[in-house]
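Trainee: generate a structure from the sequence data that follows.
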Amino acid sequence: MKHPVVGGRSPTQQRALVIGAGLAGLLAARVLLDHFASVAVIGRCRPSDNRPPGHVLAVGAFRALERLFPGIGAELALIGAPSVDWTADCPALLPAGWAPRFPSGLLTRAVSGDGLAQTVRRRLTEYGGDRLELRDGVRAAGLLWQDGRVTGARLVVETADDDSPTLIAVSADFVVFAGGQSSQLADWLAQAGCPAPAQTVISAPQAYSVGLFRRPASADPAWRALLIVPAAGRPGALLHPLEGQRWAITLAPPAGATPPADLDALLTLVRDLPTPAVYDALRAAEPLEPVCVWAHAGSRAAAYHRVGNWPDGLAITGDAVCALNPAYGHGLAAAALSALAFAAALSEQRRAFPNGALDGLGQRAQSAQAAALRAPMRTAAAVEAWHAGSLGAAAARCGAALLAAAADQPSAHRALLEVVTLTRPPAALLRPAVALQTLRGAPPLAVPSPIPPAPDPSAVRSTQELTVLS
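Mentor: Okay, here's the model as predicted:
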C-alpha cells in the first residue's frame, strides 16, 4: 500500500540515532527522517509499551498521528480497529445522569497497544526505506561525548547468551533519547556536568483492573463503548471495542480501594456501577485473558528545557520528559504532540542554519516540546485530581457544575470532551457560552435512568461500522 509522503525535504548527509523503540521513539524517528540522511532506532525488544491491553486514542493523539502518517486511520480500520465518536457511539454516565448523544466529529480509533505499535512500525519502515535501521535486542549503556557535545552512544547488543553481550560504539550527529524514565539518563548527563532537571508531580500512582473479552454476537448494537465517570465513593469504567472482535475494560476502583485482580471480583465491582449495562455486557462475553491489575507510576514531567548549558547533539522525548496516564489516552497524545513540536524545531533549525549546523537544536527541541505539552499537562492534572478527589473546594464545585451541565447540554458535553481528549486547551471551558451553561447548572435529576440513552438517528451509520469491520 502506498501512502503520501510528508515533509519532502532533501535530507542532509547527517546521521541520527534514537534510543528507545517505543511509540515515542518511533514517532521521533519519523520526524528525523525528513532532515537526516539516515536514522537508526535501537530498543531492547519489540515494545508493547507500559499501557493497558487496549485503549481508545485521545482525539488529539489520533489527529497528530494522521499528520505524521497520513492515512493511518484507514490502515487501523483495515486491521479491524473500529472508530469511536465520543458523543455518538459512547454513552457516558456522568454523576448527574447520562450525557446527550449526538454526532460530534470527535472521532478516534480503538486499538490494542500491540496493534498500534505494529502499524506505526510498519508505516515508519515503509517511509524510511533503506535510510532507516530498526535494531531490536540492543540497549544503550551510555553516551559518547566530545568537547561537551554528544556524538553517539555506547550500545550493548544482547544475545541468547546473556553472559556474553557485545559492546559497540555508534557515532551520530544527533541523538534522541526516548527510553522512558531512566535513572541512567540522569547519570549520563551528570557526567557532562548537566544538573538534574526540576520535576513536576502531576498525579499520584494509580492502579486499575483491566481485562480482555471476546465480544459476543449478541452485543447491543446501540452503543460501541460505555463510559462511567467515577463519582465520590463510586467506581468508574470504560468498556470499548478492539480489533479482533474484542472488548477491553479498564475499571477504576473508588479512591483508596484496591482494584480487583480476578474475574469474579471485577464483576462484583462492575455490578456496583449505577448502570447494569457494563455488567450485562461482560457476563455474556468470553474472557480471553485473566483479569490483571495495571499500575501507573503517576504522571510527572521533567523541565529539561530549563537545564542550563544543555549539550549539543542531544534531545530527550517521551516519558523521560512527560509521563502522562495512558488510561486516558494522554500518554500517547504527549508523545505525538512532542513529535510534531520536534518537527517544527527541526524545520526552524534548518531555516536558521542552511549549512546544516546542529548547534542549539537540542535546546530548541526541548523548548518546543515544553510549549506543546503545557495544555496536556494541565488537562491531565485536572482529570486525575478530579478522579482522586483532591481538587480544592472551589475547583470541585466548578467541576461538579460543569459535569452537571454536560449531562444536560450537548454543547457543554462537547466542550468537556474536547478538553479531556486534548482537542482544545482547558481555557476553552471558559468560553462565554460554556461558562454560562455551567453557571446555570442542569435541572436536578431525581434518579438517573440506568439504561443508556438511544443514539441520535444520524449516528446509526456510525454504529453499524463495528459489525462491518468484525
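Trainee: other residues contacting whichever strand or helix holds residue 152?
Mentor: According to DSSP states H and E, residue 152 maps onto strand 149-157. Here strand 149-157 makes contact (Cβ atoms under 8 Å, 6 or more residues apart in numbering) with 17, 19, 42, 137-145, 165-173, 175, 311-314, 362. For the C-beta atoms, the positions are set from N, CA and C on the backbone; glycine is no exception.
Trainee: can you check stretch 315-322 too?
Mentor: Residues outside stretch 315-322 that contact it (Cβ under 8 Å, 6+ apart): 20, 22, 24-25, 28, 174-182, 185, 300-302, 304, 331, 334-335, 338-339, 342, 361-362, 365-366, 369, 373, 376-377.
Trainee: picking up where we left off before, now a ChimeraX select for only the buried ones of the contacts of strand 149-157.
Mentor: Of the contacts of strand 149-157, the buried ones can be selected in ChimeraX as follows, counting by 16 or more other Cβ atoms under 10 Å:
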select :17,19,42,138,139,140,142,143,144,145,165,170,172,173,175,311,312,313,314,362
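Trainee: among the contacts of strand 149-157, which are in helices?
Mentor: residue 362 (DSSP state H).
Trainee: please enumerate the strands of the stretch 251-400 of the chain.
Mentor: 286-287, 292-296, 300-302, 314-316, 322-323 (DSSP state E, counting those that start in this stretch).
Trainee: could you dump those strands to CSV with distance to residue 66 and mean pLDDT?
Mentor: Listed next are the strands of the stretch 251-400 of the chain as CSV, based on distance: least, Cβ to Cβ, whole Å; pLDDT from 0 to 100:
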stretch, distance to residue 66, mean pLDDT
strand 286-287, 33, 96
strand 292-296, 26, 87
strand 300-302, 25, 92
strand 314-316, 24, 96
strand 322-323, 21, 91
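Trainee: would TSV of those strands with distance to residue 383 be doable?
Mentor: Converted to TSV, the strands of the stretch 251-400 of the chain look like this (distance: least, Cβ to Cβ, whole Å):
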stretch	distance to residue 383
strand 286-287	29
strand 292-296	13
strand 300-302	15
strand 314-316	25
strand 322-323	15
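Trainee: residue 251 is nearest to which of those strands?
Mentor: strand 292-296 (10.0 Å; Cβ to Cβ).
Trainee: alpha carbons only: can I get the closest one in PDB?
Mentor: C-alpha atoms of strand 292-296 as PDB (Å, rounded to 0.1, in the frame of the first residue of the first chain):
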ATOM      1  CA  CYS A 292      -4.900  -8.200  36.000                       C
ATOM      2  CA  VAL A 293      -4.100  -5.100  37.900                       C
ATOM      3  CA  TRP A 294      -2.400  -2.500  35.800                       C
ATOM      4  CA  ALA A 295      -0.500   0.200  37.700                       C
ATOM      5  CA  HIS A 296       0.700   3.600  36.500                       C
END
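Trainee: list the helices and strands that strand packs on?
Mentor: strand 206-214 (3 or more Cβ pairs under 8 Å, 6 or more residues apart in numbering; DSSP states H and E).
Trainee: partner strands of the strand it packs on and their direction?
Mentor: Using DSSP bridges, the strands paired with strand 206-214 in its sheet are strand 246-252 (antiparallel), strand 286-287 (antiparallel), strand 292-296 (antiparallel).
Trainee: quick one, domains of the protein?
Mentor: 15-45+136-201+298-382, 80-111+206-296+391-470 (automatic domain parsing).
Trainee: any idea which of those has the lowest pLDDT on average?
Mentor: Among the domains of the chain, domain 80-111+206-296+391-470 carries the lowest mean pLDDT, at a mean of 83.
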